[in-house]
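> starting from these lines, generate the structure:
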Amino acid sequence: MYKLNKQFVSVALGLLMCQSAGAVTLEEATAIQRQLVTLDTHLDTPANLVVPGFDILERHSYGHDFSQVDVPRMQEGALDGGFWAIYSPQGELSKIGYEQSRDTALLRALAIRTMVTANPEIFEFATQASDAQEIKKTAKHIVYMSMENSYPLGTDISLLETFYKFGLRMTGPVHFKNNQFGDSSTDPDGPKWDGLSPLGEQLVVEANRLGIVLDGSHAHDETVKDMIRLSKTPIILSHTGSKAIYDHPRNVDDELLKMLAASGGVIQMNAYSEYLEALPADPERKEAFKGLMKLVKDGSDREIILEKRREIEHAHPAVKASFEVYMKHFLHALKVVGPEHVGIGADWDGGGGVDGMMDVVNLPMITQRLLDEGYSKEDLANIWGANALRVLQQAQDYAANVKAKK
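Residues are numbered from 1 along each chain as shown. The predicted structure follows:
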């Protein structure tokens, strides 16, 4: 006779009783979430790893230093890990611009790897889709590596393999502006290539060859369509919203969402407030931030910069979208393509966050709401990690097959 885990039975019975009563408590939702592999596909936290005075092992607070991810908060919010993003600002489309960005990107990749190697009892690096479940069994945090904007590659596609050897397993061609690989959804000058550029098409081929997942977040709709059409494996939108809820260029409409799902792809729901609903303009806050950016540019001490930011937040507090608005985007995507094609990529430490969910501590609120909406534990397992890992597995299987045929 099988001996059942007492904690599991307790949680399961508690869930059944709550469902019969029409609600699930946050504590019960958290306990259920802890049983799942929980991943966020877009963590901008590596930007903090190179900030003097920031320690990923210590508990920080959004109100003090405006960070959103650290080990204590991941543990409290039942977040196992995710895709930690390499990001470097895009400059001119020139040799010197590419080289400067490349060097920054390599240093950021090194910072991610150093975080893991310096804390082997806390983090473990992941390169295969199957690694996530095995790492979770050890109670360590999962570290996949991604790249937001392939601009640092310049015009040398072979550099993608260099980053692959560092551990890169996901990359997006563009960010806020058009570049050498294709069109962005938010370039003020509008499309340049009407989708992917010829070099962007080569990027797709090389990513497929290596087993790297292609990320269409920030890409123009026509760029995303080109990626879906050309890629031999499903693509992901690592942090994106629903255009049906708010018509913003960073969101995708239902037609494109269905196209993505039909190809096996996944949308990971973004929590960047400005992309979730129209927010009131605050010219005084905008002007105050110009002064803050000057301090940053001048290389002022971190504490001086943080104190200035806290002053701005007190005098001109940011207006954020509500958690309910975020869930409208989430639930709409689920309604359109189902729980096999939706996940979570909140854009932590990159501008993400809504009222009531300003750091990873509050992630179980999502689990609680989805359970209350009638989604099952199997659905939650897909949403929290299995969907993204399936896409990675398909990318890796294709690459292995290509290699085997040679």
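> which stretches of the chain have low pLDDT?
Across the chain, the ranges flagged by pLDDT under 70 are 1-22.
> how does it look with 90?
Along the chain, segments meeting pLDDT under 90 span 1-23, 52-53, 296-302, 405-406.
> biggest helix in it by residues?
Ranked by residue count, the top helix of the chain under DSSP state H comes out as helix 95-118.
> just the residues contacting the following helix or strand past that one, thanks.
The C-terminal neighbour of helix 95-118 among helices and strands, as given by DSSP states H and E, is strand 123-125. Residues outside strand 123-125 that contact it (CB atoms under 8 Å, 6 or more residues apart in numbering) are 81, 113, 115-116, 131, 135, 138, 140-143, 145, 167. (Glycine included, C-beta is placed from N, CA and C.)
> check which helix or strand covers residue 239.
Using DSSP H and E, residue 239 sits in strand 236-242.
> ok, residues contacting the helix or strand just after that strand?
Toward the C-terminal end, the helix or strand that comes next after strand 236-242 (DSSP H and E) is strand 251-252. For strand 251-252, the external contacting residues (CB under 8 Å, 6+ apart) are 221, 224, 237, 240, 241, 242, 243, 245, 260, 267, 275, 329.
> so which two of the residues you listed are the farthest from each other?
Greatest spacing in these, by CB to CB: 224 and 245 (18.0 Å).
> show the buried residues in the contacts of strand 251-252.
Buried by 16 or more other CB atoms under 10 Å: 221, 224, 237, 240, 241, 242, 243, 245, 260, 267, 275, 329, out of those.
> sec struct for the spatially most central residue of the chain, please.
The chain has residue 42 as the residue nearest its centroid, 1.5 Å off, counting by CA atoms, centre = their mean. Secondary structure state of residue 42, per DSSP: H, G, I helix; E, B strand; the rest coil, is strand.
> before we move on, the earlier item: the longest helix of the chain packs against which elements?
With contacts defined as 3 or more CB pairs under 8 Å, 6 or more residues apart in numbering; DSSP states H and E, the packing partners of helix 95-118 are helix 46-49, strand 81-86, strand 123-125, strand 141-147, helix 159-166.
> can you rerun that using 10 Å?
On a contact count with 3 or more CB pairs under 10 Å, 6 or more residues apart in numbering; DSSP states H and E, helix 95-118 meets helix 46-49, strand 81-86, strand 123-125, strand 141-147, helix 159-166, strand 168-171.
> got the CA positions of the second one in CSV?
Think strand 81-86. Provided in CSV are the C-alpha atoms of strand 81-86 (Å, rounded to 0.1, in the frame of the first residue of the first chain):
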residue,chain,number,x,y,z
GLY,A,81,14.0,30.8,-11.0
GLY,A,82,13.7,31.5,-14.7
PHE,A,83,15.5,33.1,-17.6
TRP,A,84,18.0,35.7,-16.4
ALA,A,85,18.4,38.3,-19.2
ILE,A,86,21.5,39.7,-20.7
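> residue 204 - how many residues pack around it?
For residue 204, the count of nearby residues is 24 (other CB atoms under 10 Å).
> also residue 100?
Per other CB under 10 Å, the neighbour tally for residue 100 reads 16.
> ditto for residue 373
Number of residues near residue 373 (other CB under 10 Å) recorded here: 12.
> settle this for me: it is touching residue 334, isn't it.
Yes. At 8.2 Å, residue 373 counts as touching residue 334 under the criterion of CB atoms under 10 Å.
> list the residues that contact both of those two?
327, 379 (CB atoms under 10 Å, 6 or more residues apart in numbering).
> contacts only, for the closest residue to residue 141 other than its chain neighbours.
The spatial neighbour of residue 141 that comes closest, neighbours along the chain excluded (CB to CB, 6 or more residues apart in numbering), is residue 81 at 4.5 Å. Residues in contact with residue 81 (CB under 10 Å, 6+ apart) are 37-40, 43, 69, 74, 123-124, 126, 132, 135-136, 140-144, 385.
> and residue 81, what are its bridge partners?
When bridges are called by DSSP bridges, residue 81 pairs up with residue 39, residue 142.
> can you report how many residues lie near residue 106?
Per other CB under 10 Å, the neighbour tally for residue 106 reads 17.
> and it, how far from residue 199?
From residue 106 over to residue 199 the distance is 20 Å, taken as CB to CB, to the nearest Å.
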